[in-house]
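> sequence first, predicted coordinates after that:
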Amino acid sequence: MERSRWSSKLIFLFAAIGSAVGMGNVWRFPYLAGKYGGGAFLIPYLIMLGVMGIPLLIMEFAIGQKMQLGAVGAFGNIKKKLASIGLGAVLCGFVVVSYYAVVMAWSLMYLVYSFTLKWGTDTKAFFFNDVLHLSNGVGTMGYISVPIIFSLIIIWLLVYFSVWKGVKSVGNVVIVTMPLPVILLIVLLIRGITLPGAMNGIIFYLKPNFIALLDFEVWSAAMSQIFFTLTLAFGVMIAYASFQHESSDIAKSAIITSVADSSISIVAGFAVFSTLGYMSLKSGVPVSELAASGPSLAFIVFPKALSLVPMAPLFAVLFFIMLITLGIDSAFSLVEAVSTVLHDNYPEIRREDVSMYVCVFGFIAGIIFSTFAGLYYLDITDHFITNYGLVGIGLLEVIAVGWIYKAENLRKYINEVSDIKIGKWWNILIKFIIPVILSLLLVTGIYRDIKTPYEGYPQWALFTFGWLMLAAVFTISYIFSLFSNDK
Ligand code: PHE
């Protein structure tokens, strides 16, 4: 059967950028920057982008396009047993998308609340009590929140109808969902930087703190954010590139995608921190305190900041439409990664059905994050899957490509099809430097997590939602490799 194709090169780029640019840029990046002291985070982030992000994206595009298969088949083509790396990648992606869709579901609820600024003045109490019904600790699961589940169903329906026809329908959707949030972001940026006090927020965001660079944790956070934001080690970029013709340019697409993605994160940082500067001026609370609110930044601090701005409901509506449209093309890219893998192996199943199963499973997996303790579970799962799952799979990917397939072979192929030629430095990065950095950060991360429980959560919770979840991902992949043998 003929492989599906993107209708044009531009649509491929839109889809890849759409996958990369997501809530990670506007929700995750600013809260990490806030947590690690603003400017202190930007430097490791940019270094990691150059040393790891761009070279890895080139690698994923190249391997997908060369093999013309999704993640499992692509690695399986190198050596049958390596197919399990592809399986690990889509499993990690699946875990991420199951909670990512829940964050989108909150955004959808907030979109409705925006019209009346329903959160009032105490946005923290509103988010924790009225929206999440957050229980008093990770040990109390409480019930499933009906509005969240309802909203989650809508999100999954939106995702499903974006992908049900595979690459064809994705192409039609990304034409809107890629540029629209970028335009909204620019509107919010202009609003943010023209507010009084904006400068204070921006200074906090840009002022480097060189002492913080000595902390391994900042580097690990920057590295895992690079994986998350460029959708690396999810099997997505491999699947997307597999629908390109074998002779399509690789290096340029990877550079455009990475630069567009990071620029949007940086711009989002300006929009968020300038608004926080304004809020700090009005409330007297320092920017550093406002910024350090973690995953709830977009749902506690930002709604509050927005309600202080003139014509508040308008900007609040724009902000949440932006979050949802940002999220949607990332969420469905993951569904595409999984359905590509399934479709490669079982071409007789209809694409629509494959996508439906993935969406239904994604929804079911998300139910746990929709309980009254959902935010705790989400926080722990996110920490473990991004720091160890994605990074671990990334490490296996570079070893497979660098050492077994041989980096030089892939580099030759990349240079045959690309206008921008990649030097030998790329081989060195893939074979030595990236694996060393990843191993180092994995080991120091695990050591840190064992020594001090993440965010003070009880050990059993970290064990269940962190270590056990990771063990499940890696064990399933390992068992799969036992059954894959070269003929
Ligand atoms: N790159 C996305 C982002 O930054 C992350 C993501 C990709 C999430 C795929 C889910 C699925 O938001």
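Right, received. Where do you want to start? Numbers count the residues shown, from 1 in each chain.

> helix or strand right after the helix or strand hosting S224?
Assigned by DSSP states H and E, S224 falls within helix 216-229. Beyond helix 216-229 in the direction of the C-terminus, DSSP H and E gives the next helix or strand as helix 236-242.

> that older thread, does the ligand have contacts with the helix holding S224?
Yes. Applying Cβ under 6 Å from any ligand atom, one finds helix 216-229 touching the ligand at F228, T229. Where you see a C-beta, it was placed from the backbone N, CA and C, and this is true even at glycine.

> which bits of the stretch 1-150 of the chain sit near the ligand?
Applying Cβ under 6 Å from any ligand atom, we find that the stretch 1-150 of the chain lies next to the ligand at S19, A20, G22, M23, G24, N25, G93, V96, V97, Y100.

> quick one: contacts for the most centrally placed residue in the chain?
Central residue of the chain (Cα atoms, centre = their mean): F228, 3.7 Å from the mean position. Contact partners of F228, counting by Cβ atoms under 8 Å, 6 or more residues apart in numbering, are G24, R28, V96, T386, L390.

> ok, the first one touching F227?
Read that as G24. No. Using Cβ atoms under 8 Å, G24 makes no contact with F227, being 9.9 Å away.

> what's the pLDDT at the residue nearest to the centre of the chain?
F228 is assigned 94 on the pLDDT scale.

> and the gap between it and A331?
Separation of F228 from A331 (Cβ to Cβ, to the nearest Å): 13 Å.

> quick one, helices of the stretch 151-300 of the chain?
Along the stretch 151-300 of the chain, counting by DSSP state H, counting those that start in this stretch, helices occupy 167-177, 179-193, 198-206, 216-229, 236-242, 251-283, 287-291.

> looking at these, which is buried most?
Most buried of those, by mean neighbour count (mean count of other Cβ atoms under 10 Å): helix 236-242, with a mean of 30.

> and the stretch 201-350 of the chain, which of its residues are near the ligand?
Within the stretch 201-350 of the chain, the positions lying close to the ligand (Cβ under 6 Å from any ligand atom) are F228, T229, T231, F234, V236, S330, A331, S333, L334.

> next, count neighbours for I43.
17 (other Cβ atoms under 10 Å).

> that one contacts N209, doesn't it?
No. Here I43 lies out of contact with N209, judged by Cβ under 8 Å, at a distance of 9.0 Å.

> sorry, back to before: CSV please, covering the residues of the stretch 1-150 of the chain next to the ligand and showing neighbour count.
Formatted as CSV, those follow (neighbours: other Cβ atoms under 10 Å):
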residue, neighbour count
S19, 28
A20, 29
G22, 28
M23, 24
G24, 26
N25, 26
G93, 27
V96, 23
V97, 30
Y100, 27
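
> secondary structure, distance to Y377 and pLDDT added to those residues, as CSV?
Converted to CSV, those look like this (DSSP: H, G, I helix; E, B strand; the rest coil; distance: Cβ to Cβ, whole Å; pLDDT from 0 to 100):
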residue, secondary structure, distance to Y377, pLDDT
S19, helix, 25, 95
A20, helix, 26, 96
G22, coil, 20, 93
M23, helix, 18, 91
G24, helix, 19, 92
N25, helix, 23, 93
G93, helix, 18, 94
V96, helix, 13, 94
V97, helix, 15, 95
Y100, helix, 13, 95
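
> mind listing the strands for the protein?
For the chain, no strands are identified by DSSP state E.

> tell me where the model's unsure across it.
Residue ranges of the chain with pLDDT under 70: 1, 293, 485-487.

> G93 and I238 touch, don't they?
No. Using Cβ under 8 Å, G93 is not in contact with I238, being 10.7 Å away.

> in the contacts of F228, find the pair that's most separated.
With Cβ to Cβ as the measure, no two of those lie farther apart than R28 and L390, at 12.8 Å.

> in the stretch 351-487 of the chain, what residue comes closest to the ligand?
Residue nearest to the ligand within the stretch 351-487 of the chain (Cβ to the nearest ligand atom): T386, separated by 9.6 Å.

> list the contacts for that residue?
T386 makes contacts with V96, S224, Q225, F227, F228, as judged by Cβ under 8 Å, 6+ apart.

> mind picking the two most distant members of the residues you listed?
Between all members of the contacts of T386, the farthest pair (by Cβ to Cβ) comes out as V96 and Q225, at 12.8 Å.

> ok so, going back, so what's in contact with G93 and I238 at the same time?
Contact criterion Cβ under 8 Å, 6+ apart; residues shared by G93 and I238: A337.

> just to revisit the earlier point, now the helices of the stretch 151-300 of the chain as TSV including distance to L442?
Formatted as TSV, the helices of the stretch 151-300 of the chain follow (distance: least, Cβ to Cβ, whole Å):
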stretch	distance to L442
helix 167-177	33
helix 179-193	33
helix 198-206	29
helix 216-229	9
helix 236-242	21
helix 251-283	23
helix 287-291	28
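
> and F61, which of the ones you listed is closest to it?
Nearest of the helices of the stretch 151-300 of the chain to F61, taken as Cβ to Cβ: helix 236-242 at 4.3 Å.

> could you check how far the closest residue to A83 other than its chain neighbours is from S283?
The shortest distance from A83 to any non-neighbouring residue, by Cβ to Cβ, 6 or more residues apart in numbering, is to G76 (3.2 Å). Relative to S283, G76 is positioned 56 Å away (Cβ to Cβ).
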